[in-house]
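S.K.: coords please:
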Amino acid sequence: MTEGLIFDVRRYSVHDGPGIRTTVFFKGCPLRCAWCHNPESQGKITETVVKERCLNDKKYISQETIGYLADVEQLMEIIEKDRLFYEESGGGVTFSGGEPLLQPEFLKLLATQCKMKDIHTVLDTSGYASFETITEIIPYIDLFLYDLKLIDDSSHLAFTGSSNKQILQNLSSLADCEVIIRIPVIPGINDADDQLLDVMNFLDKISLKRKEIHLLPYHRIQQSKYKRLGMEYTLPKTPEPTKEHLEQIKSLFQSTGFQVQVGG
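M.R.: Predicted coordinates for the structure are as follows:
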């Protein structure tokens with residue numbers, strides 16, 4: 001595949017891995033997480049949405065196309081513009097989404113070009129892909145940002161639409177790689193003590209090389225996106241986690257030897 005379906009490229013990002021980064025957002029995701037903050041990234045198709053803005057009591061309607069095809073050369077031209085910032089800050093390029101592993105051939109081509117040019121690569125992933133896909137991409141990724149949402153398979157199925165058995169197996173296969181675990185903290189869904197203990201026990205069992213966790217607090221600002229896309233948002237009453245609760249979770253994981261930060 002010489003082209004990939006992309007929905008955004010953001011330069012000067014500081015929340016998608018170390019240093020200053022360019023984040024390439026792949027369009028298409030196999031999961032349907034109830035709390036997804038990028039619902040426009042889910043469909044592996046180009047979509048048109050209607051935007052409504054109000055100004056001086058007047059409504060203005062416009063259309064926006066989400067998703068476009070880009071080849072490796074086009075994206076590398078953008079990525080290489082900020083090489084100086086990468087070198088000075090320890091940054092590089094991050095592949096995010098959606099789920100980049102849903103376009104494995106294009107991801108590998110792009111990552112290969114970055115490695116050839118000594119640009120640090122990060123893959124932000126849900127881990128929902130075949131074992132073969134994960135192992136194929138390992139040589140081209142310097143750091144994995146790996147989402148770990150729920151350990152209980154039935155709960156994972158209920159809130160994401162998919163089993164997590166392959167996700168957990170794939171994370172085990174990355175135990176010797178550079179991996180940062182990212183846990184979205186969703187009140188009432190995955191923040192109970194027993195659920196957190198399940199996460200701790202699983203991570204202890206697989207013995208990751210890098211003991212680092214990022215807690216990603218749930219927020220509600222994405223609800224307007226669902227409305228524009230004509231999608232139902234199923235968590236309208238879910239509160240954002242309190243700072244106190246986030247600190248409690250942070251302390252819990254720190255007690256097992258993990259370096260923990262709140263936010264990506």
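
S.K.: centre of the chain to the strand or helix carrying residue 76, how far?
M.R.: Residue 76 belongs to helix 72-79 when assigned by DSSP states H and E. Helix 72-79 has its C-alpha centroid displaced from the chain centroid by 21 Å (CA atoms, centre = their mean, to the nearest Å).

S.K.: and the strands in the stretch 101-250 of the chain?
M.R.: 120-125, 143-147, 179-185, 212-217 (DSSP state E, counting those that start in this stretch).

S.K.: got the angle between the first one and strand 179-185?
M.R.: Spelled out, that is strand 120-125. Between strand 120-125 and strand 179-185, the angle comes out at 40 degrees (axes from the mean of the first three to the mean of the last three CA atoms, to 10 degrees).

S.K.: just the second one next, same as before
M.R.: Taking the same axes, to 10 degrees, one finds strand 143-147 and strand 179-185 inclined to each other by 30 degrees.

S.K.: strand partners (parallel or antiparallel) of strand 143-147?
M.R.: strand 120-125 (parallel), strand 179-185 (parallel) (DSSP bridges).

S.K.: can you list contacts of it?
M.R.: 16-18, 94, 120-127, 171, 174, 177-184, 214, 264 (CB atoms under 8 Å, 6 or more residues apart in numbering). In this view, the C-beta of every residue, glycine as well, is placed from N, C-alpha and C.

S.K.: do that again at 7 Å, thanks
M.R.: The set of residues external to strand 143-147 that reach it, using CB atoms under 7 Å, 6 or more residues apart in numbering, is 17, 122-127, 171, 174, 177-182, 184.

S.K.: now do the third one
M.R.: Applying CB under 7 Å, 6+ apart, the set of residues contacting strand 179-185 from outside is 35, 143-149, 191, 199, 203, 208, 210, 212-218, 241, 246, 249, 264.

S.K.: same thing but 6 Å
M.R.: 144-148, 191, 208, 210, 212-217, 241 (CB atoms under 6 Å, 6 or more residues apart in numbering).

S.K.: filter those residues down to the buried ones and hand me the PyMOL line.
M.R.: Buried members of the contacts of strand 179-185, defined by 16 or more other CB atoms under 10 Å, are picked up in PyMOL with:
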select buried, resi 144+145+146+147+148+191+208+210+213+214+215+216+217+241
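
S.K.: nearest to residue 47, of the contacts of strand 179-185?
M.R.: The shortest approach to residue 47 among the contacts of strand 179-185 belongs to residue 147, at 23.2 Å (CB to CB).

S.K.: okay, and the beta partners of the closest one?
M.R.: Assigned bridge partners for residue 147, using DSSP bridges, are residue 182.
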